[in-house]
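# Sequence unavailable; structure follows:
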């Protein structure tokens, strides 16, 4: 039996604002040619690099736990790279191009300044060949800044109400990965950015690692901790090829969690 792949540390950030019809979150559509999550609507984010760990203590300001700094910095760096939004003082939008985020900050005498809250942690199921230990953060953007998609990772960016994205996913209009879908459900319960950030500050975050169940019809279903079948699936494993074939048949909205290579 092949041992489980080691989850890769990654960070995702929800940029929030108060719109005329309620709280909105910034989401981007991934390229149709992307190897991972092609055409999916996601929040900015990516892997935590060694440079993020090295730079975290020097470049990040705010009241955050030291253990979270590399993840937060990675999320803010990815926000620049994918959406052209620099959460500095003051925040601004500018395409990064071929420059390095950290070198650009140093040259400008700037640092990231953001009130960032850690509120969720998703770990890809053990059966999958590509796994992530993804930490989810949130921050509020009060300035009127236009996002600038890089046209590589993200090809389109919109400010949307969480409930509207849930509806679009249910109608099959948008592809939304499973953890993103659950996060949108969390966001949709908040009446304002202040309400969500206050709630997020009280969350005692625990890692959530879904388990996979193969249905009779050959499709797969993700089972969360606390659901009736979760403990029954402990120790149940599936082959990569079997899961890849099942994933191609998985069409229910909001259930997509990973890609296969």
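Right, received. Where do you want to start? Here the structure is a predicted model, which means the values were calculated and not measured.
# Please enumerate the helices of the stretch 51-200 of the chain.
All helices of the stretch 51-200 of the chain, identified by DSSP state H, counting those that start in this stretch, fall at 69-83, 101-108, 162-170, 178-188, 193-201.
# Quick check: which of these is buried the most?
Across those, averaging neighbours per residue (mean count of other CB atoms under 10 Å) puts helix 69-83 on top, at a mean of 25. To be clear about C-beta, it is placed using only N, CA and C from the backbone, and glycine gets the same treatment.
# so it versus helix 101-108, what angle?
For helix 69-83 against helix 101-108, the angle by axes from the mean of the first three to the mean of the last three CA atoms, to 10 degrees is 90 degrees.
# ok now helix 69-83, how far from the chain's centre?
Taking CA atoms, centre = their mean, to the nearest Å, one finds helix 69-83 lying 11 Å from the centre of the chain it belongs to.
# swap in stretch 206-225?
Computed by CA atoms, centre = their mean, the chain-centroid distance of stretch 206-225 equals 19 Å.
# switch to numbering from 3
Taking 3 as the first residue, the last one we looked at is stretch 208-227.
# distance between the ends of that stretch?
End-to-end distance for stretch 208-227, by CA to CA, to the nearest Å: 11 Å.
# What are the buried residues along that stretch?
Neighbour counts over stretch 208-227 (16 or more other CB atoms under 10 Å) mark 211, 212, 213, 214, 215, 216, 221, 222, 223, 224, 225 as buried.
# Likewise for stretch 149-157?
By neighbour count on 16+ other CB under 10 Å, the buried set for stretch 149-157 is 149, 150, 151, 152, 155, 156, 157.
# Can you give me the end-to-end span of that stretch?
Chord length of stretch 149-157, first to last residue, is 11 Å (CA to CA).
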